[in-house]
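Engineer: have a look at this prediction, sequence included:
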Amino acid sequence: MGVRSRSTAGGAQFGLSISSAVVSLTVPKAAMCAELYVRGNSIVFTRDGTAPTSTAGIQADVGDIIVLNSRDECDKFKGIRVSADATVDVEYWTDVSG
């Protein structure tokens with residue numbers, strides 16, 4: 001298996017606030033995947049376009065990294081806070097590394 005390189009797709013969202021309202025990503029046109037770093041407070045998220053709630057979805061805690069492996073996952077990502085407003089940093093990439 002060869003090593004693929006990846007390049008930033010630009011449009012990073014640093015300090016994206018995740019509150020009690022469901023949040024989607026603003027995905028740059030060139031992005032094919034993304035990584036989200038949970039910086040402050042826990043979130044619950046989905047990758048399939050369904051709306052998460054504070055108790056339904058996948059929980060990510062401070063320090064966790066969420067990997068979105070396709071454009072479809074990026075477009076359908078939705079997040080909501082667990083109890084207090086949270087912050088995530090999002091970087092977009094043109095390809096999955098590996």
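Structural biologist: Thanks, I have the structure now. Residues are numbered from 1 along each chain as shown.

Engineer: now do the contacts for residue 36.
Structural biologist: Shown in contact with residue 36 (Cβ atoms under 8 Å, 6 or more residues apart in numbering): 60, 65, 66, 68, 77, 88, 89, 90. Any C-beta I mention is one placed from the backbone N, CA and C, and that applies to glycine too.

Engineer: where does the chain have low pLDDT?
Structural biologist: Within the chain, the segments meeting pLDDT under 70 span 1-5, 96-98.

Engineer: tell me the centre residue of it?
Structural biologist: The structure's the chain has its C-alpha centroid closest to residue 36; by Cα atoms, centre = their mean the separation is 4.3 Å.

Engineer: so that one, which of the three states?
Structural biologist: With DSSP: H, G, I helix; E, B strand; the rest coil as the basis, residue 36 sits in strand.

Engineer: beta partners of it?
Structural biologist: Beta-bridge partners recorded for residue 36 (DSSP bridges): residue 66, residue 90.

Engineer: the helices in this protein, which residues?
Structural biologist: Ranges of helices within the chain are 71-76, based on DSSP state H.
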